[in-house]
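Participant: can't give you the sequence, but here's the structure:
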């Protein structure tokens with residue numbers, strides 16, 4: 001599996017591929033995850049950036065190959081483009097000779113398409129099936145976030161790369177439930193060449209016991225990147241009024257990002273009931289979320305969400321057994337489906353959701369948490385998700401006729 005921004009569980013960040021790999025290894029498979037030494041969250045290893053060369057480590061039987069790439073500052077910079085492009089080229093060079101083994105199938109994953117393109121080229125070299133995993137639509141996401149205008153040459157370029165990947169893939173896996181519509185509309189992708197595997201969590205790692213509530217005070221946690229794309233400025237604009245109306249509520253923001261310093265300063269100057277904490281490794285997320293009374297999710301108002309979402313935090317929040325409040329909306333809304341909280345599609349709906357949270361009382365919040373946890377067991381548990389994807393990969397491999405040897 002080739003995904004630059006995926007990470008081992010010893011550091012904060014995305015662990016989707018570690019989780020899938022851990023389940024497959026337990027079934028006797030060999031799994032190699034290839035990622036970069038630096039991504040939009042910073043160095044990707046617990047030891048920091050590797051001094052030189054490729055690092056080869058194993059986490060719970062999942063082999064991680066860390067490809068060195070240069071650091072950069074800022075998510076929308078030439079440095080990030082150079083980092084991403086170089087990752088794809090180095091992956092092809094490092095793995096192309098077969099020194100790390102000959103795979104049965106290659107999965108190439110976005111966010112950026114150069115990682116997926118490296119997967120396609122390696123699959124062709126070894127004459128094995130290629131699986132295109134889409135966790136973010138480039139260039140569509142860049143356009144809708146206002147990072148780049150629709151007619152920019154990069155948009156046309158990334159669009160051409162996406163077309164090649166989608167039309168060449170033996171299987172397209174998407175993390176959002178309706179992304180298949182995007183590929184059917186644009187590239188006439190047959191239904192049988194698509195499947196949806198949401199981001200999940202290990203449900204049994206979470207303790208759903210309710211927290212101790214200090215004199216009626218409720219701590220509402222937000223975890224994740226504190227960046228402009230996450231639109232926390234939208235929430236902070238409402239906070240002064242919310243603080244006056246709901247004096248028992250406190251908000252805890254766990255994460256890093258380009259907006260953290262600005263948000264901390266706003267909280268300090270306006271005397272807002274907020275606290276900021278650094279992110280924790282994935283293994284410690286259940287321990288962190290155990291402290292929360294409820295959780296907050298904020299979505300920007302983007303047409304992109306007509307395809308749904310697949311937020312890592314939403315899976316963890318449901319598994320933790322706490323109510324969730326979502327500011328924003330999306331197609332196939334998992335919070336509406338689970339009934340584990342309140343959806344506030346517009347800013348003016350948020351006070352009503354917070355009032356309902358307070359009025360629910362201890363028992364009401366416990367019941368909402370139980371609903372969320374049951375939903376997580378059914379829809380978010382990694383063992384189930386990994387088995388579903390494994391079944392599709394087995395079909396892909398069995399359909400592909402054996403080749404004599406890889407191309408040299």
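Facilitator: Cool, got the structure. Worth saying up front: this structure is predicted, and the values here are computed from it rather than measured.
Participant: how about stretch 239-252: buried residues?
Facilitator: For stretch 239-252, burial by neighbour count (16 or more other CB atoms under 10 Å) applies to 239, 242-243, 246, 249-252. Using the backbone N, CA and C atoms, a C-beta is placed for each residue, glycine as well.
Participant: quick check: mean pLDDT of that stretch?
Facilitator: In this model, stretch 239-252 carries a mean pLDDT of 96.
Participant: can you give me the helices in the stretch 301-408 of the chain?
Facilitator: Along the stretch 301-408 of the chain, counting by DSSP state H, counting those that start in this stretch, helices occupy 312-320, 334-338, 350-379, 382-399.
Participant: of these, which is nearest residue 171?
Facilitator: helix 382-399 (5.1 Å; CB to CB).
Participant: can you give me the neighbour number for residue 393?
Facilitator: As a burial measure, residue 393 scores 20 neighbours (other CB atoms under 10 Å).
Participant: look at it and report its pLDDT.
Facilitator: For residue 393, the model assigns a pLDDT of 98.
Participant: the one 3 residues further on too?
Facilitator: According to the prediction, residue 396 has pLDDT 97.
Participant: which one is residue 166 nearest to, not counting chain neighbours?
Facilitator: Nearest residue to residue 166 in three dimensions, chain neighbours excluded: residue 187, at 4.6 Å (CB to CB, 6 or more residues apart in numbering).
Participant: got the phi and psi for that neighbour?
Facilitator: phi -130, psi 10 (degrees, to the nearest 10).
Participant: test my guess that it contacts residue 169.
Facilitator: No - assessed by CB atoms under 8 Å, residue 187 is found out of contact with residue 169, at 9.9 Å.
Participant: the two: who's more crowded?
Facilitator: Applying other CB under 10 Å to residue 187 and residue 169 shows that residue 169 carries more neighbours, namely 27 against 16.
Participant: nearest to residue 62, of the helices of the stretch 301-408 of the chain?
Facilitator: That would be helix 382-399 among the helices of the stretch 301-408 of the chain, by CB to CB, at 11.5 Å.
Participant: give me the buried positions along the closest one.
Facilitator: Neighbour-count burial for helix 382-399, counted by 16+ other CB under 10 Å, picks out 382-383, 385-386, 389, 392-393, 396.
Participant: and it, what does it pack onto?
Facilitator: Judged by 3 or more CB pairs under 8 Å, 6 or more residues apart in numbering; DSSP states H and E, helix 382-399 is in contact with helix 16-26, strand 171-174, strand 194-196.
Participant: contact partners of the second one?
Facilitator: Pointing back at strand 171-174 there. 107, 129, 131-135, 166, 180, 183, 189, 193-197, 389, 392-393, 396 (CB atoms under 8 Å, 6 or more residues apart in numbering).
Participant: next: the first one.
Facilitator: Contacts of helix 16-26 with the rest of the structure, by CB under 8 Å, 6+ apart, involve 1, 3, 6-9, 31, 33, 35, 59-62, 64, 109, 135, 175, 199-202, 282, 312, 382-383, 385-387, 389-390.
Participant: what comes up buried for stretch 193-213?
Facilitator: 193-203, 206, 208.
Participant: could the buried residues of stretch 239-252 be laid out in a markdown table, adding secondary structure and distance to residue 24?
Facilitator: Shown next, in a markdown table, are these (DSSP: H, G, I helix; E, B strand; the rest coil; distance: CB to CB, whole Å):
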| residue | secondary structure | distance to residue 24 |
| --- | --- | --- |
| 239 | helix | 44 |
| 242 | helix | 45 |
| 243 | helix | 47 |
| 246 | coil | 45 |
| 249 | strand | 42 |
| 250 | strand | 41 |
| 251 | strand | 38 |
| 252 | strand | 35 |
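Participant: distance of the nearest residue to residue 178 once chain neighbours are set aside from residue 185?
Facilitator: Counting by CB to CB, 6+ apart, residue 178 lies nearest to residue 307, which is 4.2 Å off, once chain neighbours are set aside. Relative to residue 185, residue 307 is positioned 11 Å away (CB to CB, to the nearest Å).
Participant: who's more crowded, these two?
Facilitator: residue 307 (22 against 9).
Participant: what's the local residue count around the spatially closest residue to residue 231 that is not a sequence neighbour?
Facilitator: Nearest non-adjacent residue to residue 231, counting by CB to CB, 6+ apart: residue 300, 4.3 Å away. Here the number of neighbours of residue 300 (other CB under 10 Å) works out to 15.
Participant: name the SS class of residue 300, please.
Facilitator: Secondary structure for residue 300, judged by DSSP: H, G, I helix; E, B strand; the rest coil, is coil.
Participant: who are the contact partners of it?
Facilitator: Here residue 300 is in contact with 145, 229-231, 234, 328 (CB under 8 Å, 6+ apart).
Participant: kindly indicate which of those lies nearest residue 219.
Facilitator: For the contacts of residue 300, the nearest to residue 219 is residue 230 (19.6 Å; CB to CB).
Participant: give the contact list for the closest one.
Facilitator: Residues in contact with residue 230, defined by CB under 8 Å, 6+ apart, are 224, 257, 259, 298, 300.
Participant: for it, give me the pLDDT.
Facilitator: 82.
Participant: quick check: phi and psi on it?
Facilitator: Torsion angles at residue 230 (phi, psi; degrees, to the nearest 10) stand at phi -90, psi -10.
Participant: the one 5 residues further on too?
Facilitator: With angles defined as degrees, to the nearest 10, residue 235 shows backbone torsions of phi -80, psi -40.
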